[in-house]
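Chemist: 3D model of this:
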Amino acid sequence: MKTRVKKKKPAVTRDEVYTFAHGCIDHHKTGEIVDHPLEDGDVKFYEEAEEVLSHLKRLGTPMILYEVEEGKAKPFGFSTMQHKVQRLRVKLGLPSHVTFDACRHGGMTELEETELTDGQGRALSARRTQQSYIG
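Modeler: Next up is the predicted model:
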């Protein structure tokens, strides 16, 4: 049976993520503020992210939404968001490996370094099985 060899994914550093996040705020096309807090009640999961996210208006449960009319919002299409990220990445002078996938991978790397249990890591990464978490 032939198996493919997966390429090693690049991981974005925390500094690159925050450079991108602050750049999103600075380059926001309409100047509108969209709030996306990452918290559960009084528990803030990422205090550094709260500073960035405090500049944004909450439009709904998903983090990346755009307002279609007053009081109504919907998520961007995947390819639309990929293009927006890449255009802004170029404007900010960030390396080409800065993608949403690489940001997630960097976050997963940080989870591993905190020595969480596999169950805690799976819960935070939204992985349903041990095999998908290991991968």
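Chemist: name the next helix or strand following the worst-scoring helix or strand of the chain on mean pLDDT along the chain.
Modeler: In the chain, the helix or strand scored least confidently by mean pLDDT, DSSP states H and E is strand 39-40, which has a mean of 68. Scanning forward in sequence from strand 39-40 by DSSP states H and E, the next helix or strand is strand 43-44.
Chemist: which strands and helices sit next to the helix or strand that that following strand is followed by?
Modeler: Note on strand 43-44: by DSSP H and E, the next helix or strand toward the C-terminus is helix 47-53. Where contact means 3 or more CB pairs under 8 Å, 6 or more residues apart in numbering; DSSP states H and E, helix 47-53 is packed against helix 14-26. Quick note: C-beta positions are derived from backbone N, CA and C, even for glycine.
Chemist: give the buried residues for the helix it packs on.
Modeler: Using 16 or more other CB atoms under 10 Å as the burial criterion, the residues of helix 14-26 that qualify are E16, V17, T19, F20, A21, G23, C24.
Chemist: closest to F76 among those?
Modeler: C24 (12.7 Å; CB to CB).
Chemist: my read is that that closest one contacts L88, right?
Modeler: Yes - using CB atoms under 8 Å, C24 is in contact with L88, at 6.3 Å.
Chemist: need the three-state assignment for H97.
Modeler: Three-state assignment for H97 (DSSP: H, G, I helix; E, B strand; the rest coil): coil.
Chemist: residue contacts, the residue nearest to it when sequence neighbours are not counted?
Modeler: The spatially closest residue to H97, leaving aside those adjacent along the chain, is P10, at 3.8 Å (CB to CB, 6 or more residues apart in numbering). If you count contacts by CB atoms under 8 Å, 6 or more residues apart in numbering, P10 has them with H97, A102, H105.
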